[in-house]
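Q: pasting the structure only:
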């Protein structure tokens, strides 16, 4: 039996093609996923991401607990409302999950984790809490829904739909959030565009969704979400990194703080690791489409694509690939696609940001 | 009309049409394009290639996935549709107009043994359950 979000009926009414995503019945696309992608880049689109789990941490020891739990340094969050991306590691430095943590008050941090790892994450956090911060209360919030409104016109459209949000959210910078009554609005997302992720009581989700819809905000599914995040150079947990890879092998060294004296889960393993491979961007030069788990041949040995797709904004195929660290941006490599070897170029990612190609 | 009655079909979701000159035109069905979603790449066989019935001879790729296209009948590839290779989205817009390749069959009778519209409808329905 698949789990459903508060917006399941709305997706069906809109004719979405529904798929099983980590045990949740979620919309893949409502029509053309390429059109949904372009609308987010050029105007605005909305996503139901209520399958992700909101976890509230309460209690005075919350900051100290997160200092230990996360690979990124929670002390970077000093201004209430500020958010940060981080990995949560096991003792071997493998990635248990990636998440966003919001600092709202010294006794209230909010964490949003992936759907597929949510139960495992909760169990891990409780185990770490019991051992290191028994006073912290960990509260999973399945009573909340999450709607991401993304695109250059996203914020204006949200304010049009719910004017009372404007005053508190107009001055938010990227990676900042504000709480307005029962609504939580973060200027964050997974598309490479401006916009908000809005966490609201599940009971209000459907009304808000249809209100946005009537204001011309078209729904976008997980298909468009995947091509948008790939173009934006954002990792997908379970595909680009997992428990068997460290952040240092996953293009996420920038999210790990090894400089401060604080200790955290996985730190010792990371300090000992001499990574032999890392994540690179690829652009396919030949016709075709790159996919995950394709063999990549380089002058320095073999690697493998971790995510690959057609990139609608670039009208060509792109991928992330885990390759030997001797590989340089600009190198030409070959990717095994079925019975052929196709040429690809190693590039820096993100590929696209704020509607514009960063390639060539 | 998502399964035209004047065409023949395969269990692997190709459609086939017999032309006046005896050649067989091949594409993928409405159901196939609907399952795959937005098409972005088509790889057609080389003209002159001889294929067996059921042999993989072309590939269509959507944003979501790659899928083999099989020869409905044995024969020689006599033409491919370059327009569809240049604009794969035509398969989504008009799956029965956007043909992919044309075969000169070894055995003209093989076409008649392909699924008719009713039998193909049953295949589609059985997959939905």
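A: It's in. Source: prediction; values computed, not measured.

Q: doesn't residue A:342 belong to a strand?
A: Yes: Residue A:342 forms part of a strand when assessed by DSSP: H, G, I helix; E, B strand; the rest coil.

Q: what's the distance between it and chain B?
A: Per C-beta to the nearest C-beta, to the nearest Å, residue A:342 is found 11 Å from chain B. For the C-beta atoms, the positions are set from N, CA and C on the backbone; glycine is no exception.

Q: go on, residue A:246?
A: Between residue A:246 and chain B the computed distance is 30 Å (C-beta to the nearest C-beta).

Q: identify the residue nearest that residue in space, chain neighbours excluded?
A: Nearest residue to residue A:246 in three dimensions, chain neighbours excluded: residue A:93, at 4.2 Å (C-beta to C-beta, 6 or more residues apart in numbering or on different chains).

Q: can you give me phi and psi for the one you found?
A: Main-chain torsions, residue A:93, degrees, to the nearest 10: phi 90, psi 0.

Q: got it, and residue A:69?
A: According to degrees, to the nearest 10, residue A:69 has phi -80, psi -30.

Q: contacting residues for it?
A: By C-beta atoms under 8 Å, 6 or more residues apart in numbering or on different chains, residue A:69 lies in contact with A:88, A:125, A:128, A:264-265.

Q: quick check: which of those residues are also close to chain B?
A: Among the contacts of residue A:69, proximity to chain B is found for none (C-beta under 8 Å from any C-beta of the partner chain).

Q: those residues in strands, which ones?
A: Mapping these onto strands (DSSP state E) picks out residue A:88.

Q: and the contacts of residue A:69, which are buried?
A: Neighbour counting by 16 or more other C-beta atoms under 10 Å in any protein chain shown classes A:88, A:125, A:128, A:264-265 among the contacts of residue A:69 as buried.

Q: for chain A, which residues are neighbours of chain B?
A: Within chain A, the positions lying close to chain B (C-beta under 8 Å from any C-beta) are A:17, A:28-29, A:32-34, A:223, A:227, A:287-289, A:291, A:309-310, A:312, A:338.

Q: are any of the residues you listed buried, and if so which?
A: Buried subset of those (neighbour count, 16+ other C-beta under 10 Å): A:17, A:28-29, A:32-34, A:223, A:227, A:288-289, A:291, A:309-310, A:312.

Q: JSON lines for the residues you listed, including pLDDT and secondary structure?
A: Rendered in JSON lines, the data for these read as follows (pLDDT from 0 to 100; DSSP: H, G, I helix; E, B strand; the rest coil):
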{"residue": "A:17", "pLDDT": "96", "secondary structure": "strand"}
{"residue": "A:28", "pLDDT": "98", "secondary structure": "strand"}
{"residue": "A:29", "pLDDT": "98", "secondary structure": "strand"}
{"residue": "A:32", "pLDDT": "97", "secondary structure": "coil"}
{"residue": "A:33", "pLDDT": "98", "secondary structure": "helix"}
{"residue": "A:34", "pLDDT": "98", "secondary structure": "helix"}
{"residue": "A:223", "pLDDT": "98", "secondary structure": "helix"}
{"residue": "A:227", "pLDDT": "98", "secondary structure": "helix"}
{"residue": "A:288", "pLDDT": "96", "secondary structure": "coil"}
{"residue": "A:289", "pLDDT": "97", "secondary structure": "coil"}
{"residue": "A:291", "pLDDT": "98", "secondary structure": "coil"}
{"residue": "A:309", "pLDDT": "98", "secondary structure": "strand"}
{"residue": "A:310", "pLDDT": "98", "secondary structure": "strand"}
{"residue": "A:312", "pLDDT": "98", "secondary structure": "coil"}
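
Q: taking the residues you listed together, which two end up most distant?
A: Farthest apart among those by C-beta to C-beta are A:17 and A:288. That separation is 24.5 Å.

Q: and what about the residue positioned nearest the centre of chain B, helix, strand or coil?
A: The residue lying closest to the centre of chain B (C-alpha atoms, centre = their mean) is residue B:27, at 2.7 Å. Three-state call for residue B:27 (three-state DSSP): strand.

Q: which parts of the host helix or strand of residue A:271 are buried?
A: Element membership for residue A:271 (DSSP states H and E) is helix A:267-272. By 16+ other C-beta under 10 Å, the buried positions in helix A:267-272 come out as A:267, A:269-270.

Q: let me see the mean pLDDT of it.
A: Averaging pLDDT along helix A:267-272 gives 98.

Q: returning to that earlier point: tell me the one of the residues of chain A next to chain B nearest residue B:92?
A: Nearest to residue B:92 among the residues of chain A next to chain B: residue A:32, at 7.4 Å, using C-beta to C-beta.
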